[in-house]
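Visitor: Everything below, folded, please.
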Amino acid sequence: MADTTSGATDSDLPGEEGRGDIRASSSPESTNGASGRPAIESGPTTSSRASATGWRRTFSSLKYREFRFLWLGMLLLMTAMQMQMVVRSYLTYEITSSPFLLGLVNAGFAIPMLLLALFGGAIADRMERKLIIQIGQLVAVVLSLIIGISIATDTVTWMHLLGVSMAQGALFSFLVPARQALIPQLVGKDNLTNAMSLDAAAMSATMLVAPAIGGGLYNVIGPDGVYYLITGCGVLAILFTSAVKTPSRDKSRARTAMLGDIKSGLMYVVRTRMVLVLIILGLLTTLLAQPFRFIMPVFVVDVYGKGPESMGLLVTITGVGALIGSLWIASIGKWHRGLLLLGSGLVSGVALLLVASIPVYFAAAGIMILLGLGDAGRQT
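Guide: Next up is the predicted model:
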């Protein structure tokens, strides 16, 4: 995407963030002691940003106002989605008692994402990315409200859950590429790795809290009440995203043929061995690790003899591992990315093998941390 770095300079960012770095570079501390010689680094250069260490470096991208609002909106939307995944899975198994239909409903989210991913990226190059995100958030809110009302009126069926699952998967095939393409516009190239890691960390953080909330409230306010809460989170996400002021970008891509761009992208993947290997590895790890989440209610109910709150806790513990992994990756910067990807796949595989071998709930709870660590490396 040729325009992903447009508007990445500090001057394009609203507020005081961009000017703050320039003022800092002209302070007395920017000279070398009493000699008055200028320091080697001045201004917001790549090397000065890279010198940040520890927690300051870990959260460095949040100094940009527009990225903060985008990040908060994504945090709320993913909180809603994580709660919904737990509630929808448990509700489906409660209605049908069928592992097959449970897997089908959950797979309904993934299949449209896979089929429409190429179109989502191409459209993100042509339309206003913020608008795509807002439309996706709005439709997700409406769908969750419809399911909540259906549950309250006792008219919900597994087919309703499947239909909404597929619709939301289609939405995310456009929403995710738009958000990922918008991030470089807001933070620039130098902070891109950190921003993407914080994006993954936010998703991991929602796994840390949202599933436990969704599972814990399932028997307290009912699945319909949880869906209303999900709707509220979605509304707040829309408000935060609306506050983002996007910089101008090159519109020339909108005049090119979309199918031609998709074909060019596919040809590039086929001809570029490294990209092809990365896509295959990512696809394999997803196909092998994700199905466990699809059938988690079967394990929780039939193997462990537990309820929705226990299922939410398992997903939350997975989020603990994912959050730890994401923050660690954000703090190390550009370091052995290939090894991180391979290592994350290995960790996920070992975790799944242990879960399948030990049919004990508390053992599974501990193993979920390993599964979360594997997720962090795959998603970052």
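
Visitor: Report pLDDT for Pro99.
Guide: As predicted, Pro99 sits at a pLDDT of 91.

Visitor: do you know how far it is from Gly305?
Guide: With distances taken as C-beta to C-beta, to the nearest Å, Pro99 is found 16 Å from Gly305. The way it works is simple: take the backbone N, C-alpha and C, and place the C-beta from them, glycine included.

Visitor: Surely Val303 and Ile358 touch.
Guide: No. Look at Val303 against Ile358 with C-beta atoms under 8 Å: they stay out of range, at 10.4 Å.

Visitor: hmm, back to that, neighbour-wise, which of Pro99 and Gly305 wins?
Guide: In this comparison of Pro99 against Gly305, neighbours counted by other C-beta atoms under 10 Å, the higher total goes to Pro99 at 14 against 9.

Visitor: check which helix or strand covers the residue nearest to that one when sequence neighbours are not counted.
Guide: Spatial nearest neighbour of Pro99, excluding adjacent residues (C-beta to C-beta, 6 or more residues apart in numbering): Val298 at 4.9 Å. Taking DSSP states H and E as the criterion, the element that holds Val298 is helix 296-298.

Visitor: and that helix, what does it pack onto?
Guide: Helix 296-298 sits against helix 65-96, helix 99-124, helix 308-332, with contacts defined as 3 or more C-beta pairs under 8 Å, 6 or more residues apart in numbering; DSSP states H and E.

Visitor: which helices and strands sit right next to the last one?
Guide: Just to be clear, that refers to helix 308-332. Where contact means 3+ C-beta pairs under 8 Å, 6+ apart, helix 308-332 is packed against helix 54-58, helix 65-96, helix 192-218, helix 296-298, helix 361-379.

Visitor: and the next element down the chain from that helix?
Guide: Sequence-wise, the next helix or strand beyond helix 308-332 is helix 337-357, with elements assigned using DSSP H and E.

Visitor: Report the angle between that next one and helix 361-379.
Guide: For helix 337-357 against helix 361-379, the angle by axes from the mean of the first three to the mean of the last three C-alpha atoms, to 10 degrees is 160 degrees.

Visitor: Mind checking the pLDDT average for helix 337-357?
Guide: For helix 337-357, the mean per-residue pLDDT is 78.

Visitor: ok, now which ones touch the residue nearest the centre of the chain?
Guide: Most central residue of the chain, judged by C-alpha distance to the mean C-alpha position with C-alpha atoms, centre = their mean, is Met203 at 4.6 Å. By C-beta atoms under 8 Å, 6 or more residues apart in numbering, Met203 lies in contact with 74, 78, 322, 326, 379.

Visitor: on that earlier part again, residues making contact with the helix holding Val298?
Guide: Counting contacts by C-beta under 8 Å, 6+ apart, the residues outside helix 296-298 that touch it are 89-90, 92-93, 99, 102, 311, 314-315.

Visitor: again, only using 6 Å
Guide: Contacts to helix 296-298, defined as C-beta atoms under 6 Å, 6 or more residues apart in numbering, come from residues 89-90, 93, 99, 311.

Visitor: Can you name the two of these that sit furthest apart?
Guide: Using C-beta to C-beta, these reach their maximum pairwise distance at Pro99 and Met311, which is 14.4 Å.

Visitor: Stretch 344-362: which residues count as buried?
Guide: Residues of stretch 344-362 classed as buried: 344-345, 347-349, 351-352, 355, 361 (neighbour count, 16 or more other C-beta atoms under 10 Å).

Visitor: which element is Ala167 on?
Guide: Under the criterion DSSP H and E, the helix or strand holding Ala167 is helix 158-187.

Visitor: Which elements pack onto that helix?
Guide: Helix 158-187 makes packing contacts with helix 65-96, helix 99-124, helix 129-152, helix 192-218 when contacts are defined by 3 or more C-beta pairs under 6 Å, 6 or more residues apart in numbering; DSSP states H and E.

Visitor: tell me the angle of the shortest one relative to helix 99-124?
Guide: It stands for helix 129-152. Following the same axes, to 10 degrees, one obtains 160 degrees for the angle between helix 129-152 and helix 99-124.

Visitor: Which residues does helix 129-152 contact?
Guide: Under the contact criterion C-beta under 6 Å, 6+ apart, helix 129-152 has outside partners 77, 156, 160, 164, 167-168, 171, 174-175, 178-179, 181-182, 223-224, 227-228, 230-231, 234-235, 237-238, 241, 244, 246.

Visitor: angle of it against helix 158-187?
Guide: Using the same axes, to 10 degrees, one finds that helix 129-152 and helix 158-187 are set 150 degrees apart in direction.

Visitor: Could you do the last one as well?
Guide: With the same axes, to 10 degrees as the basis, helix 192-218 and helix 158-187 are set at 150 degrees to each other.

Visitor: Does anything pack onto the helix or strand that comes right after helix 192-218? Which helices or strands?
Guide: Under the assignment DSSP H and E, the closest C-terminal helix or strand after helix 192-218 is helix 222-242. Counting by 3+ C-beta pairs under 6 Å, 6+ apart, the packing neighbours recorded for helix 222-242 are helix 65-96, helix 129-152.

Visitor: Perfect, I'm done here.
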